[in-house]
Every structure is written in structure tokens, then in C-alpha cells.
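J.: What follows is a predicted protein model with its sequence.
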Amino acid sequence: MHFGKMHIKITRQLFCRIFAVKCSVMKILVIEDEFVLLKAIEAFLLSENFLVEKATDYVSGVEKVLMYDYDCILLDIALPGGDGLKILEQMKSKGKSGNIIIISAKNSLEDKITGLDLGADDYLTKPFHLAELYARIKAVLRRKQHDGKQAVSLGNLTIDFVQREAAVNSKSLKLNRKEFDMLNFLITNINRLITKEALAEHVWGDHIDAADNFDFIYAQVKNLRKKLKENFSDVQLENVYGAGYKLCYETH
Amino acid sequence: MKLINHLLIRLSLVLILVLLLWSLIYFLLQMKEIHDGNDEGLLNLKQEFILKANRDSNFVITLQKYNPLNVIIEEIPFEEAEHFKEFFSTERLYFETELEEEEVRMLITAFYCEPNGRHYKLKCFTSTVEQNDLIKNMLYLLIMLWVILSVVFIIVGKRIIHRTNKPFYDLLHKLQAFRLDSAKIFDFSETAIQEYQQLNNTVRHLLEQNIGAFVEQKNFIENASHELQTPVAIAIMKLETLMNEGSLTETQMQELSTVISVLERMKKLNNNLLLISKIKNNQYSDMESVDLKSLMEDVLAIYEELLQYKEIEVKVETFEIPVCRMNADLAHIMLSNLVKNAIAHNRQGGDIAIAFRAGSLTIANSGAPLPPNKNIFDRYVANAQSSKSSGLGLSIVKTIADLYHIEIGYYYKTGWHVFEVKIEK
């Protein structure tokens, strides 16, 4: 047994400390008509200690959006009773702003542009990975944080988002673009298992078919892991049964 | 053979044949009539002569003495006269007045002259020169009629057929230019001919049905792909949640991982199908001039790490910079798919050669030859080596190329798979 080292589950407080987000409970509104998907997202967000409100159609969506304030709104734009983009219009006309992430089955460039024009912060195409959704939510929340730090540190690891650099004990890890993107994604989802597919998709987008290039992705991850290990980082990258990867924070 | 020529040749042949036959019959009948007229005249002459000879015993003798132009008379013994049968013949005779031989029609007969009790052989004849001239003239006229009728028939017939068939040719041209995905039916030309009205209506009906089916199919693919996204999203999410529970064994985790990767493939396929139907539905309508060289540099930058990993060397040759008017996103997707394809079907440590020319771009990659007789731009023609790819990458390239009338060629040459993108100027 290792008494000196122990894995700790990152708690909400720890997350808030890392990302310098307000520590009050974050309230999220999910507007989604597909019930099972809504439940899945809700369960996931609840496990991350968010407060979750739900709306399943256009009317209740508009009502909730206009009546309450949310830290983040997940908005499906194909809703029964009306176009989700209209909700954005309503909000804009009423001077309401929220951190809105559009989730849509339509990977439509027009919708994306219109949505972003109407004040949405991000556009996520279904189907997405929960880790990806989480990363997007976090990114939106962090961006909206006026006093948000442009760097975070976890143990001896520091990440500078502006310089796009990671360092252990102030010694640069010399990560390349993709390695930095991976570390960024993994640290947002710290202690969560990230499947190879989710990681590949986040880092490479549509450009690489994960199934075709597992070896390549594995090689990239291996490099990142090696760099973390060689520099004795408190954060270590684990390979979980070949199914995915997990960034673990170990305290001494 | 053109319809118009086909019709004209057949009609003209029939016309010419009928004319020929008719002229022949007409000509022969006329000839007969002329000859009959001649013979009739000779018979009358004979009759008159015999009458006169019988009335006047000196008539024959006088005649023999003066030898008129159209009768020759000579005495014959009774034995010859007894069995003589009169007959017609055509002969040539020397005319002293004309100083030449002329053709004559001749009636040769024998008679008994009662007043002097003698038998005579009578040859009465008439020149056929004028009749021959008449026949010649008739023949000329017939031939002229024949030629003029044929020529007029062909010219007029051609115009009439052409005019009458105008709606048909019109329809034919419009159908040739018609594209199902244009979704708009052309205007049909007005016509008074019932059959062409029917043809136009039938074609219009058929096209409407086809366009309907085509649109429905397009929409079906788009809708089906859309509808599939949510269930796939739920499945992936649930599996990821399950994998994060931490209570699963290694085998279970690996099984789940396999399921996720299968779902991912489905998702990719779905996305690609959606992309294809969106391109076909013209949802990328913004056009701009795209510099293919600098775009290619961006694309190569995306694949830099993968290229390094596979130790693929990229050689770029620039003769001229091709510029294409198209949607920038689609241009990116097209080049990206071509590069992706060149990497995926390359070997470890292989090569990629890219060449820019005026109006064309070639991307070649080293690799083993493909099995022949496969259209690599078809959907789902994936190489056996990479059974996990969606097989839609090149199909997307082709769809984009078709949209902008860009020609995409592929050939294999001494260890290189070459894709050539030809931009219409």
C-alpha cells in the first residue's frame, strides 16, 4: 500500500481552485427534446456537481431562459414548438446573456454562424463525447470569468493557455501543438477516463479517422506521457486497459 | 442515321420507284398508241388504194409509172398471192429526196385487181422520224419531270419533316441538357400536333416523378443521418459513463471500447453521408477564388505529425499556382480528403508528390496497385488494407468536384497512385 501517494478524486472545490472559477454551485440549463439524451446529460452534469435545470420544448425553454439566470445553457436548436435559434433571438432582444452552447444534430455551417452571431458561445455537433461537452462547458465558463487566470497549476505542473506552454517546476515540457491540446483536454477532464476516440476527435477533429490511426494517436500519447514522467510531474497520464487514457493527479 | 434522313430516303425511294414504274407504263402505252395510229393510217391507205385500183384499171399502172413516195407496188403471180398474209414491219429505206436512209413503218399486203385480173403485192409505208422525235421529246420531258419532282420532294419533304418534328428535337435537346439535381423542369415548346403534346405531357410527368423521387431520396439520406445522430450520441454517452464507473474489469472495458469505436465509425459514416447530401443540396453556396497552393499548405500543416509518424516525405513542385472559384470550406474538404487518402493508402516511409500547374493539381502517393475494374470514386470502395475507413472520402471529393465541374482523374503508374484535379478555366 502506498500511504505517501494517493489518488484523489478531483472535487468541485479542487476544480474551482485549478481553473479559478467561482466556487458557488454552477447552474446549468439543458434545453433538449430527446428525453434519454437529456437524462444522460443531466446525470453526467449532476455527477460533476452542477445544478441542472431542464426544458424539453421551445415554450418552456424561452420561459426558463427569460426568467432565470444560468451560468451555462445547453441548447438544442431542433425543438418541438419552435426553432432553438429563436430562443437566442429572444434572449438577445431582452438583453439577456448566458453562456450558451448550441448542441445540434445538424452540422450546419449556417446554423453555426447564425447561432454565434446571436450570442451563442460554442457549437457542438451531436453525437459528442461527454468529455468534449465538459471541456466546452469549462472553456465557456473560464472565458466568461473576468478575473480568469490565463494559467493554471496542478501540483508542480503549470499550464499557460496564452503561451500554450506547460511546465513542471518552471521547466518547460516543450510540448508540440497536438501534445499541448491533448494535455489541455485531459487536464480539463482530470481523473476521467477519456476514450481514444474522444481524445482523437478533440485533438484532430475530422482530420483523422481514429480507427485508422490508433497507432499514431498512441504514439502521440506516449510522447506526452514520457515528457510528463521524465520531468517528474505530479500529474501522470495513465493508459486504462488500452480502452482510453486518464490524467491522474497524485499528491505526495 | 438521322430520323429525317431515314424518313426521306425511304419516302424518296418509294416515290422514285412509283414514278419510274408509272413513266415506264405511260411511255410504253404512248408508244403503242403512236404505232397503232401509224398502222391504222397504213391500213386506211391500203383500203383506199385497193378501192381506187379496183375502180380504175389504169390506176395501178399509172402509179407504177410515177412511183409515189409512200407506196411500192409490184405484180406477183397468183401462187404467191394466194397464200400471202399481210403484215407490218419496221425497216430502213433510202429516200432519194432526203438523200439518206430513214426508218419507216411498212404494211405489206397482196391484192387482186379485178379490172385487169392481176395480182399485186402492195407495200405502203410512212416515215417514223417524226414519231421518234416525239417519243424522244416525251422521254426528255418524263425524265425532267422525274428529276424535278424528286428534288422538290426531297427539299420540301426535308423542310416539312424538320418543321413538324421541331417540338421533338426541342425536347430531345432539353432532355440531353437536363440534370436531375437541378430540380427544375424546362419549358416545353408549344405544339399543335397531338402526339407531341402527349409526348411533352408524358415526359413532364415522368420528370416530375423522378425529381420528386430524387429529392425524396436526398432528403431521406439527410433525415436518416440526422435522426441517427441522437441515438448514437446517447449510446456513446452511456458507454462512456459506464466506463468511468471504475468497477469494470479489463475485459469488460476493452469490450466497451470496441463498441465505442464501432459507434464512432457509424458516426463518421453518418457525418460523411450528411456532408455529401449537403453538398448535393447546394448548402455550400458561397463562392470565392481559392488559391489551391496556400490551401494545400494549410492542409499539409494539419497532417504534419501524422506524416512524420508514417515517415512520409512530401515533395511539392510548383510550376504555376492554380486558382479555383469555389466554396472555401469545400475546397478545404476536397484537398484534405485527397491528402488523407494519400497518407492512408501509403506505406511506412513512402512518398507523396504534389505538383501545381496552371489549372491543375496532382497528388501522387506511393503504394501497391489496386485491384483493377474498380471505380475508386464510388461510395464504399475501400481498400481491403484499411477496412476501417468509411470509404466515403473519395466519394466526397468527387461530389465536390462535380459541383464545380472540376475533373478528377485517377491512374496508377509505376508504383504511384496519381490523382489529378483539373480546374475548368
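T.: Nice, thanks for sending it over. Just so we're clear, the structure is a prediction, and the values are computed from it rather than from any experiment.

J.: residues in contact with B:Tyr112?
T.: B:Ala81, B:Arg118, B:His119, B:Tyr120 (CB atoms under 8 Å, 6 or more residues apart in numbering or on different chains). Every residue, glycine included, has its C-beta placed from N, CA and C.

J.: Out of the residues you listed, which two sit at the greatest distance?
T.: B:Ala81 and B:Arg118 (9.2 Å; CB to CB).

J.: and the one helix or strand B:Val299 maps to, is it in reach of chain A?
T.: Using DSSP states H and E, B:Val299 maps to helix B:292-302. Yes: judged by CB under 8 Å from any CB of the partner chain, helix B:292-302 and chain A are in contact via B:Ile302.

J.: How about stretch B:269-289?
T.: Yes: applying CB under 8 Å from any CB, one finds stretch B:269-289 touching chain A at B:Asn271, B:Leu274, B:Leu275, B:Lys278, B:Gln283, B:Tyr284.

J.: For chain A, what is the nearest residue in the stretch 151-300 of chain B?
T.: Residue nearest to chain A within the stretch 151-300 of chain B: B:Ala233 (3.1 Å; CB to the nearest CB).

J.: Identify, by residue count, the longest helix of the chain.
T.: This is for chain A. Scanning chain A for the longest helix, with DSSP state H as the assignment, gives helix A:214-230.

J.: You answered for a different chain; I wanted chain B.
T.: Per DSSP H, chain B has its longest helix at helix B:3-55.

J.: residues of whichever helix or strand comes after it that come out buried?
T.: The helix or strand immediately downstream of helix B:3-55 is helix B:59-66, counting by DSSP H and E. Residues B:Phe59, B:Val60, B:Leu63 are the ones in helix B:59-66 that count as buried (16 or more other CB atoms under 10 Å in any protein chain shown).

J.: and what of stretch A:216-231?
T.: A:Phe216, A:Ile217, A:Gln220, A:Val221, A:Asn223, A:Leu224, A:Arg225, A:Lys227, A:Leu228, A:Asn231.

J.: With respect to B:Val259, which of those is nearest?
T.: Closest approach to B:Val259 among these (CB to CB): A:Ile217, at 18.4 Å.

J.: Counting neighbours, what do you get for B:Leu275?
T.: 22 (other CB atoms under 10 Å in any protein chain shown).

J.: State the mean pLDDT of the helix or strand containing it.
T.: Using DSSP H and E, B:Leu275 falls within helix B:250-280. Here helix B:250-280 scores 87 as its mean pLDDT.

J.: And stretch B:178-187, by the same measure?
T.: On average, the pLDDT along stretch B:178-187 is 78.

J.: and the angle for the longest helix of chain A with helix B:250-280?
T.: 120 degrees (axes from the mean of the first three to the mean of the last three CA atoms, to 10 degrees).

J.: Tell me how far the longest strand along chain B lies from the chain's centre.
T.: Looking across chain B with DSSP state E, the single longest strand is strand B:100-113. Put simply, strand B:100-113 sits 67 Å off its chain's centre (CA atoms, centre = their mean, to the nearest Å).

J.: Go through that strand and flag the buried ones.
T.: Quick answer for strand B:100-113 (16+ other CB under 10 Å): B:Val104, B:Arg105, B:Met106, B:Leu107, B:Ile108, B:Thr109, B:Ala110, B:Phe111, B:Cys113.

J.: Direction included, what does it pair against?
T.: In the sheet, strand B:100-113 lines up against strand B:87-95 (antiparallel), strand B:118-127 (antiparallel) (DSSP bridges).

J.: out of these, which comes closest to B:Thr414?
T.: strand B:87-95 (88.4 Å).

J.: Would you mind listing what in the stretch 1-150 of chain A touches chain B?
T.: A:34, A:36-37, A:40-41, A:43-44, A:105-110, A:125-131.

J.: let's go with 10 Å and repeat that
T.: Contacts of the stretch 1-150 of chain A with chain B, taken as CB under 10 Å from any CB of the partner chain, map to A:9, A:32-41, A:43-44, A:47, A:76, A:78, A:103-110, A:125-133.

J.: what residues does the lowest-mean-pLDDT helix or strand in chain B touch?
T.: Within chain B, no helix or strand scores below helix B:59-66, which has a mean of 78 by mean pLDDT, DSSP states H and E. Contacts with helix B:59-66, where a contact means CB atoms under 10 Å, 6 or more residues apart in numbering or on different chains, come from B:49-54, B:56, B:58, B:68, B:71-75, B:111, B:113, B:115-116, B:118, B:120, B:122.

J.: Just the buried residues of those residues.
T.: Using 16+ other CB under 10 Å, the buried ones in the contacts of helix B:59-66 are B:Phe49, B:Ile50, B:Ala53, B:Asn54, B:Val71, B:Ile72, B:Ile73, B:Phe111, B:Cys113, B:Arg118, B:Tyr120, B:Leu122.

J.: farthest-separated two in the residues you listed?
T.: B:Asn54 and B:Ile72 (18.9 Å).

J.: Tally up the residues packed near A:Glu197, please.
T.: For A:Glu197, using other CB under 10 Å, the count is 24.

J.: check contacts around the residue in chain A positioned nearest to chain B.
T.: In chain A, no residue comes nearer to chain B than A:Pro127, which is 3.1 Å away by CB to the nearest CB. By CB under 10 Å, 6+ apart, the contact list for A:Pro127 reads A:37, A:103, A:105, B:228-237, B:263-264, B:266-267, B:270-271.

J.: Any figure for the gap between B:Val418 and B:Ser360?
T.: Separation of B:Val418 from B:Ser360 (CB to CB, to the nearest Å) stands at 11 Å.

J.: joint contacts of these two?
T.: With CB under 10 Å, 6+ apart as the test, B:Val418 and B:Ser360 both reach B:Gly409.

J.: where along chain A do the helices fall?
T.: A:12-19, A:35-47, A:58-67, A:84-93, A:109-117, A:130-144, A:177-188, A:196-204, A:214-230.

J.: and those helices, which one's lowest on average pLDDT?
T.: helix A:12-19 (a mean of 55).

J.: how close does the nearest residue to A:Phe185 once chain neighbours are set aside get to A:Arg136?
T.: The spatially closest residue to A:Phe185, leaving aside those adjacent along the chain, is A:His202, at 4.7 Å (CB to CB, 6 or more residues apart in numbering or on different chains). A:His202 sits at a distance of 10 Å from A:Arg136 (criterion: CB to CB).

J.: same deal with B:Lys174?
T.: Per CB to CB, B:Lys174 is found 51 Å from A:Arg136.

J.: if you count what's nearby, which of these two comes out ahead?
T.: Between B:Lys174 and A:Arg136, A:Arg136 has the larger neighbour count (other CB under 10 Å), namely 22 against 15.

J.: Isn't that one up against A:Ile101?
T.: Yes: counting by CB atoms under 10 Å, A:Arg136 does reach A:Ile101; the two are 5.6 Å apart.

J.: Now list whatever residues contact both of those two.
T.: In contact with both A:Arg136 and A:Ile101: A:Cys72, A:Leu74, A:Asp121, A:Asp122, A:Tyr123, A:Leu124, using CB under 10 Å, 6+ apart.

J.: Need the max-distance pair from those.
T.: Maximum distance among the shared contacts of A:Arg136 and A:Ile101 (CB to CB): 14.1 Å, for A:Cys72 and A:Tyr123.

J.: you'd agree A:Tyr68 is up against A:Lys27?
T.: Yes: counting by CB under 10 Å, A:Lys27 is a contact partner of A:Tyr68 at 7.8 Å.
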